[in-house]
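Participant: Turn this into a structure:
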Amino acid sequence: PVSPRPPFLLLRPEDMERMEINQSSVTTFILLGFSFPQMGILLFTLFFIIYSLSIVGNLLIVLLVVANQHLHTPMYFFLVNLSCLEICYISTILPRMLASFVTGDKSISIYECMTQYYFFGFLASTECYLLAMMSYDRYLAICKPLHYASVMNGKLCLQLALTSWMSGLLTNAIITFFLVQLTFCGPSEIDHFFCDVYSVANLSCSSTHLVKLATFILGSMGTPFILTMTSYTYILYTVFQMKSKKAQEKAFSTCSSHLTVVSFFLFSLFLVYVVPETERLKELHKIFSLFYTVLPPMVNPIIYSLRNREVKEAFFKSFRKYISTFL
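Facilitator: All right, here's what the predicted structure looks like:
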């Protein structure tokens, strides 16, 4: 009698290939982080200080605005939203990075990696939208001062804030949807300090065209960027039309803090997600990533407080009130 054909010979070549992929699929990634293993203690100390300052600085902004009635204005409403976002934003990356410095464990499961990217991307997208809404607020304050109070009311502020959060949620859901469709069956080392979309996609053994295209389009031609540029174009035009130098200085002081934050954040995002990554620029991309992941949550409260007379006055008033309770 003819011996039965082995079951695996009944499979088509593409089925065999799929079985091999499934058998060797990656379930854990290794986050390589920075290429300075001898500086582990120094890096841990540096990032721990940055994380602590970020949490304290942003919490302080929130408490100052809540505690001082004269800061209950649209601009500070958006600033509170931004500060709350920054606390969550930096917490998606730094706690895990700090833990890896202590334990030496750089592994992260694919599910944790996708989750980290989703929340990071969601919060980064939301920050872009929030900064755009704050640009619109500055546009109304400078270009339409007579209508500002009636237009930028509490209802509109709430709608703009909710729109920012929902837009960030949906925008990153598109990118994450394409990212989770990828198959990982080869190398498992991510040459980055967090699960960045490009770094993860580059490890895939399936086509990454859609996820990279979606990231490029949403990153370079997204609505927040257009809204921000449009608002500041009108602001600059209005300021240069002012005949009084004092009025120009007052207008610039009104939006200088926000313009600094926007330029810092969007320019670093542009360098990382729009400029093509090459082997020569890989380490540079990693350094630039610090400018939109780790530094903004620490720097933003400093920029808004040092350049803002109302925030400084509220801080010293609250500080004196707190000290007086112990004297």
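
Participant: got a list of contacts for stretch 312-325?
Facilitator: Outside stretch 312-325, the residues within contact range by C-beta atoms under 8 Å, 6 or more residues apart in numbering are 60, 63, 64, 65, 67, 68, 70, 71, 305, 306. C-beta: built from backbone N, CA, C; applies to glycine.

Participant: Switch these over to TSV; also include distance to residue 31, neighbour count and pLDDT.
Facilitator: Shown next, in TSV, are the contacts of stretch 312-325 (distance: C-beta to C-beta, whole Å; neighbours: other C-beta atoms under 10 Å; pLDDT from 0 to 100):
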residue	distance to residue 31	neighbour count	pLDDT
60	31	16	91
63	34	15	90
64	36	24	89
65	36	22	90
67	40	12	86
68	41	17	85
70	45	11	84
71	40	20	86
305	33	18	76
306	34	10	64
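
Participant: Out of those, which sit inside strands?
Facilitator: With strands taken from DSSP state E, there is no overlap with the contacts of stretch 312-325.

Participant: Reformat those residues as CSV; add distance to residue 196.
Facilitator: Formatted as CSV, the contacts of stretch 312-325 follow (distance: C-beta to C-beta, whole Å):
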residue, distance to residue 196
60, 30
63, 33
64, 33
65, 32
67, 38
68, 38
70, 41
71, 36
305, 30
306, 31
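
Participant: Identify those among those that sit within helices.
Facilitator: In helices, defined here by DSSP state H, the members of the contacts of stretch 312-325 are 60, 63, 64, 65, 67, 305, 306.

Participant: Could I get the full set of strands for the chain?
Facilitator: Counting by DSSP E, the strands of the chain are 28-31, 107-109, 189-190.

Participant: which parts of the longest one are buried?
Facilitator: Neighbour counts over strand 28-31 (16 or more other C-beta atoms under 10 Å) mark 29, 31 as buried.

Participant: now stretch 35-54, how far from the centre of its chain.
Facilitator: Centroid displacement of stretch 35-54 relative to its chain, using C-alpha atoms, centre = their mean, to the nearest Å, is 20 Å.

Participant: Find the least confident helix or strand in this structure, judged by mean pLDDT.
Facilitator: helix 13-23 (a mean of 44; mean pLDDT, DSSP states H and E).

Participant: Among the ones in helices among the contacts of stretch 312-325, which pair sits farthest apart?
Facilitator: 67 and 306 (19.6 Å; C-beta to C-beta).

Participant: Is it possible to get TSV of the strands of the chain that adds distance to residue 116?
Facilitator: Output for the strands of the chain, formatted as TSV (distance: least, C-beta to C-beta, whole Å):
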stretch	distance to residue 116
strand 28-31	10
strand 107-109	7
strand 189-190	11
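
Participant: And the pLDDT at the residue positioned nearest the centre of the chain?
Facilitator: The residue lying closest to the centre of the chain (C-alpha atoms, centre = their mean) is residue 124, at 2.6 Å. pLDDT for residue 124: 91.

Participant: How about the contacts made by it?
Facilitator: 89, 168, 172, 269, 292.

Participant: Which ones among those residues map onto helices?
Facilitator: Members of the contacts of residue 124 lying in helices (criterion: DSSP H): 89, 168, 172, 269, 292.

Participant: Can you tell me which of these are classed as buried?
Facilitator: 89, 168, 172, 269, 292.

Participant: So what does the nearest residue to residue 188 once chain neighbours are set aside have for phi and psi?
Facilitator: Spatial nearest neighbour of residue 188, excluding adjacent residues (C-beta to C-beta, 6 or more residues apart in numbering): residue 26 at 4.7 Å. Residue 26 has phi and psi values of phi -80, psi 130 when expressed as degrees, to the nearest 10.

Participant: Mind naming the longest helix for this protein?
Facilitator: Per DSSP H, the chain has its longest helix at helix 110-143.

Participant: Format the buried ones among the ones in helices among the contacts of residue 124 as CSV; extra columns: distance to residue 244 and pLDDT.
Facilitator: Converted to CSV, these look like this (distance: C-beta to C-beta, whole Å; pLDDT from 0 to 100):
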residue, distance to residue 244, pLDDT
89, 39, 95
168, 39, 92
172, 44, 91
269, 36, 75
292, 37, 86
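
Participant: And those residues, which is closest to residue 251?
Facilitator: Scanning these for proximity to residue 251, where the rule is C-beta to C-beta, the winner is residue 269, at 26.5 Å.

Participant: Tell me the spacing between the residue nearest to residue 25 when sequence neighbours are not counted and residue 209.
Facilitator: Using C-beta to C-beta, 6+ apart and skipping residues adjacent in sequence, the residue nearest residue 25 is residue 185, 5.3 Å away. With distances taken as C-beta to C-beta, to the nearest Å, residue 185 is found 18 Å from residue 209.
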